[in-house]
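Enquirer: The following block contains a protein sequence and its predicted model.
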Amino acid sequence: MKIVFATNNKHKIEEVKKILPPDIELLTLFDIGCEEDLPETGNTFEQNAAQKARYIHDKYGYDCFADDSGLEAEALHGRPGVYSARYAGTNSTSTANVTKLLSELNMEENRKAKFRTVIALMIGEETSYFEGEIKGEITLRERGSNGFGYDPVFVPEGFHVTFAEMAPELKNKISHRSIAVQKLAEFLTAEK
Ligand code: IMP
């Protein structure tokens, strides 16, 4: 079974390859010659993931899955959410995004947040969704140097360290993305 993962992010591809059944041939955007930016104009993770999967499916004719993730802070009514990558502006750096988040949560006692991932899978005309989330709290300052994005300010429930202070193997095991990918793998295994 050939299936496109609508990303060129090497870290994500490796993570997904480890979890998916080995007889599924995973193709990347590079592999199918897709060089353009994929549309991502939705207001929810579901909409963005589905939009990317449909684009590849319709234009390139492959079965495909795409993911969309972000951080939702409770006190900010779910922000940054779908805007996580560009919270401090278009092309903003992770440092700028984290600084903005910490300043918006300044003096805020409710530090609860969660990372969420939604994967949209298109096989033929049928779309299925797989979701993963991990709850935690936002720290008062950045801690740790592993990972990316908001990892230095997120402490997952049941831990005292941030994602950026954690061994990457452990983070990958418990992360929102890995929970969603696990569900996708179970579905694809059952489909075969
Ligand atoms: P994407 O949809 O997986 O590319 O994620 C969008 C944005 O959400 C990223 O650019 C990060 O800012 C944030 N994000 C998603 N997953 C993580 C994570 O595991 N750690 C830290 N930040 C993340």
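Expert: It's in. Worth saying up front: this structure is predicted, and the values here are computed from it rather than measured.
Enquirer: For the residue nearest to the spatial centre of the chain, give me its contacts.
Expert: Taking CA atoms, centre = their mean, the centroid of the chain lies closest to residue 69, which sits 3.2 Å from it. Residues near residue 69 by CB atoms under 8 Å, 6 or more residues apart in numbering: 45, 84, 115-118, 176-177. Any C-beta I mention is one placed from the backbone N, CA and C, and that applies to glycine too.
Enquirer: go again using 6 Å as the cut-off
Expert: Taking CB atoms under 6 Å, 6 or more residues apart in numbering, we find residue 69 in contact with residue 117.
Enquirer: Does the host helix or strand of it reach the ligand?
Expert: If you go by DSSP states H and E, residue 69 is part of strand 64-73. Yes - judged by CB under 6 Å from any ligand atom, strand 64-73 and the ligand are in contact via 67-71.
Enquirer: I'd like the next helix or strand past that strand.
Expert: helix 94-104.
Enquirer: Relative to the whole chain's centre, how far out is that next one?
Expert: 18 Å (CA atoms, centre = their mean, to the nearest Å).
Enquirer: Give me the contact list for the helix or strand following it.
Expert: Using DSSP H and E, the helix or strand that follows helix 94-104 towards the C-terminus is strand 112-123. With contacts defined as CB under 6 Å, 6+ apart, strand 112-123 is touched by 45-46, 49-50, 53, 57, 63-69, 71-74, 127-135, 138, 176-177, 180, 184.
Enquirer: Listing partners with orientation, what would you give for strand 112-123?
Expert: strand 64-73 (antiparallel), strand 126-138 (antiparallel) (DSSP bridges).
Enquirer: Make CSV out of these and add mean pLDDT and distance to residue 172.
Expert: What follows is these, written out as CSV (pLDDT from 0 to 100; distance: least, CB to CB, whole Å):
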stretch, mean pLDDT, distance to residue 172
strand 64-73, 97, 13
strand 126-138, 98, 12
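Enquirer: how many other residues sit next to residue 129?
Expert: Counted with other CB atoms under 10 Å, residues neighbouring residue 129 total 17.
Enquirer: which residues does it form a beta bridge with?
Expert: With DSSP bridges as the rule, residue 129 is bridged to residue 120.
Enquirer: how near is the one residue in the chain that gets nearest to the ligand to residue 173?
Expert: Here the residue of the chain nearest the ligand is residue 149; by CB to the nearest ligand atom that distance is 2.4 Å. Distance, residue 149 to residue 173, by CB to CB, to the nearest Å: 18 Å.
Enquirer: neighbour count winner among these two?
Expert: More neighbours surround residue 149 than the other of residue 149 and residue 173, with 19 against 12 (other CB under 10 Å).
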